[in-house]
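Enquirer: sequence and predicted structure below; questions after.
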Amino acid sequence: MQVPIRAILCFIGCVAMVDVYANALAYITNSDPTAGNTVSLLDTATNTVVSTISGLGSRPYGVAVDAVGRLVYITNASSSSVSVISMESNSVIATVPVAGDPTAVAVNPSNGNVYVTDNLGNAITVIDRTSHSVIATIQVGARSGGIAVNPAGTKAYVTLYAINAVSVVDLATNAVIATVPVGSEPVGVAVTPDGSAVYVANFGLLDNRISVIDAGSNAVTATVTLAGSPYAIAIDPAGTTAYATSSNFPDSVYAIDTATKTLRARIPVGTSPIGVAVHPSGATVYVACAASNAVYVIDATTNSVVKVVGVGTFPIAYGLFIGPAFQSIVSTPVPTLSTAGVVLVTLLLAFLALWTLRRRARRCTAANARNF
């Protein structure tokens, strides 16, 4: 019985990665400009607010976490800027002026470039991770509201609220290579982990649909009808479920089966759900409910709310707002070994011990045979 050492190392690495994210932080933008323009830091291990970040611009709205660069980007919709937060100090370290009404923000996983939409203009802004300066603008179309970058970092998908379409941008050339008609007033957009499909939330009154774009053909291949108009959307790490928020009556989160393109569950939450993100473990879903001044935590297995966490005033958190904690602000040391990690490591050690005993027994048997 041979033990593949490379497989064992991969197993340990996967366990370690899961455990780093066991103490992930959610960065929740509180967008009421009369209440301080802050970001609440929510410890996802305890589902409590552990700190508040100030020093942002007016009406913080969109969020993107860059775990590699250890940075968080916040769009300030009413001050035409992007705040850069260090994940090590959890403080604002730079402010980048941009055009118009910056709404959504996304990070390219391949090179760290940051892309910012403009809800009033026709272009998106590109920010350099290192210099925190604008390095390019890309003309995409009227009123860009949402943006998602595929896992390979080769394409960006930008929703165009005014013309009911999604622009597909080649990130090597910063040029639009396709414009895909979708439903009415598209806002939120998310790409599956394998990069094969793009989910678009059509917010238009009475539209109530999710458009599914095939990333290979750049064409809509399916639609999913909901009971309310979807705003933001996120996909779990396994790529099996998409979660869409809807602030139309009733205020809900919709769980969509990505294999069958059908509705799996409707989950009642607080008033005016906007931002949604899935924990990297896939076990929980976090929803910012603006008019409830709270984040609702959903168990992804039971599709039910398990915790309501009070945050700041009018939380939006539009984007991928969960990332690993890089300092001891959370309630337990980081990284920490989760219960599941302890069990997995214990089983691995037991397996290695059994393998060692069996190998020694075979050697003894072979030695005895040679003596005869």
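Expert: Right, received. Where do you want to start?

Enquirer: OK, contacts around residue 61?
Expert: If a contact means Cβ atoms under 8 Å, 6 or more residues apart in numbering, then residue 61 has 29, 31, 74-77, 102-103, 316, 318 as its contacts. C-beta: built from backbone N, CA, C; applies to glycine.

Enquirer: among these, which are located in strands?
Expert: 29, 74-76, 102-103, 318 (DSSP state E).

Enquirer: please name the bridge partners of the residue nearest in space to the middle of the chain.
Expert: Most central in the chain under Cα atoms, centre = their mean is residue 320, positioned 3.0 Å from the mean C-alpha point. For residue 320, the beta-bridge partners are residue 64 (DSSP bridges).

Enquirer: could you number the chain from 8 rather than 1 from now on?
Expert: Taking 8 as the first residue, the last one we looked at is residue 327.

Enquirer: all helices of the stretch 58-207 of the chain, in order?
Expert: Ranges of helices within the stretch 58-207 of the chain: none, based on DSSP state H, counting those that start in this stretch.

Enquirer: ignore what I typed, I meant the stretch 258-379 of the chain.
Expert: 346-378.

Enquirer: where does the prediction get shaky in it?
Expert: 334-379 (pLDDT under 70).

Enquirer: please repeat the previous calculation with a cut-off of 90.
Expert: Along the stretch 258-379 of the chain, the model assigns pLDDT under 90 to residues 332-379.

Enquirer: of the ones in strands among the contacts of residue 68, buried ones?
Expert: Those of these that meet the buried threshold are 36, 81-83, 109-110, 325, by 16 or more other Cβ atoms under 10 Å.

Enquirer: of all those residues, which comes closest to residue 125?
Expert: Comparing these against residue 125 with Cβ to Cβ picks out residue 109 as the nearest, at 6.2 Å.

Enquirer: the closest one bridge partners, please.
Expert: residue 125.

Enquirer: wait, what's in contact with it?
Expert: For residue 109, the contacting residues are 68-69, 82-84, 87-89, 123-126, 132, by Cβ under 8 Å, 6+ apart.

Enquirer: on that earlier part again, TSV for the contacts of residue 68, including distance to residue 217?
Expert: Shown next, in TSV, are the contacts of residue 68 (distance: Cβ to Cβ, whole Å):
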residue	distance to residue 217
36	24
38	25
81	26
82	24
83	29
84	25
109	25
110	19
323	20
325	17
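
Enquirer: re earlier: the residue nearest to the centre of the chain contacts residue 74, correct?
Expert: No - using Cβ atoms under 8 Å, residue 327 is not in contact with residue 74, being 10.1 Å away.

Enquirer: so what sits against both of these two?
Expert: Common neighbours of residue 327 and residue 74 (Cβ under 8 Å, 6+ apart) do not exist.

Enquirer: separation between the nearest residue to residue 305 once chain neighbours are set aside and residue 156?
Expert: Computed as Cβ to Cβ, 6 or more residues apart in numbering, the closest residue to residue 305 that is not its neighbour in sequence is residue 292, at 4.1 Å. For residue 292, the distance to residue 156 equals 21 Å [Cβ to Cβ, to the nearest Å].

Enquirer: count of residues packed around the residue lying closest to residue 37 once chain neighbours are set aside?
Expert: With sequence-adjacent residues excluded and distances taken as Cβ to Cβ, 6+ apart, residue 37 is closest to residue 319, at 2.8 Å. For residue 319, the number of neighbouring residues by other Cβ atoms under 10 Å comes to 21.

Enquirer: that older thread, which of the contacts of residue 68 sits closest to residue 102?
Expert: Distances from residue 102 to these, taken by Cβ to Cβ, are shortest for residue 83, at 8.1 Å.

Enquirer: show me what contacts the closest one?
Expert: Counted by Cβ under 8 Å, 6+ apart, residue 83 has contacts 44, 63-68, 89-90, 109.

Enquirer: what of residue 193?
Expert: Contacts of residue 193 (Cβ under 8 Å, 6+ apart): 152-153, 166-168, 171-173, 207-210, 218.

Enquirer: do that again at 7 Å, thanks
Expert: Applying Cβ atoms under 7 Å, 6 or more residues apart in numbering to residue 193 gives the contacts 166-168, 171, 173, 207-209.

Enquirer: of those residues, which belong to strands?
Expert: Using DSSP E, 166-167, 173, 207-209 are the members of the contacts of residue 193 that sit in strands.

Enquirer: closest to residue 49 out of the residues you listed?
Expert: residue 208 (23.1 Å).

Enquirer: the closest one: neighbour count?
Expert: 31.

Enquirer: quick revisit: of the contacts of residue 109, which is the most crowded?
Expert: Highest neighbour count within the contacts of residue 109, by other Cβ under 10 Å: residue 82, with 31 neighbours.

Enquirer: which stretches of the stretch 58-207 of the chain form strands?
Expert: Assigned by DSSP state E, counting those that start in this stretch, the strands in the stretch 58-207 of the chain fall at 67-73, 78-83, 88-93, 98-104, 109-114, 121-125, 130-134, 141-146, 151-156, 162-167, 172-177, 182-188, 193-198, 204-209.

Enquirer: and these as a markdown table, adding distance to residue 256 and mean pLDDT?
Expert: Listed next are these as a markdown table, based on distance: least, Cβ to Cβ, whole Å; pLDDT from 0 to 100:
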| stretch | distance to residue 256 | mean pLDDT |
| --- | --- | --- |
| strand 67-73 | 24 | 98 |
| strand 78-83 | 28 | 98 |
| strand 88-93 | 34 | 98 |
| strand 98-104 | 37 | 98 |
| strand 109-114 | 24 | 98 |
| strand 121-125 | 28 | 98 |
| strand 130-134 | 33 | 97 |
| strand 141-146 | 37 | 98 |
| strand 151-156 | 22 | 96 |
| strand 162-167 | 23 | 98 |
| strand 172-177 | 27 | 98 |
| strand 182-188 | 28 | 98 |
| strand 193-198 | 18 | 98 |
| strand 204-209 | 17 | 98 |
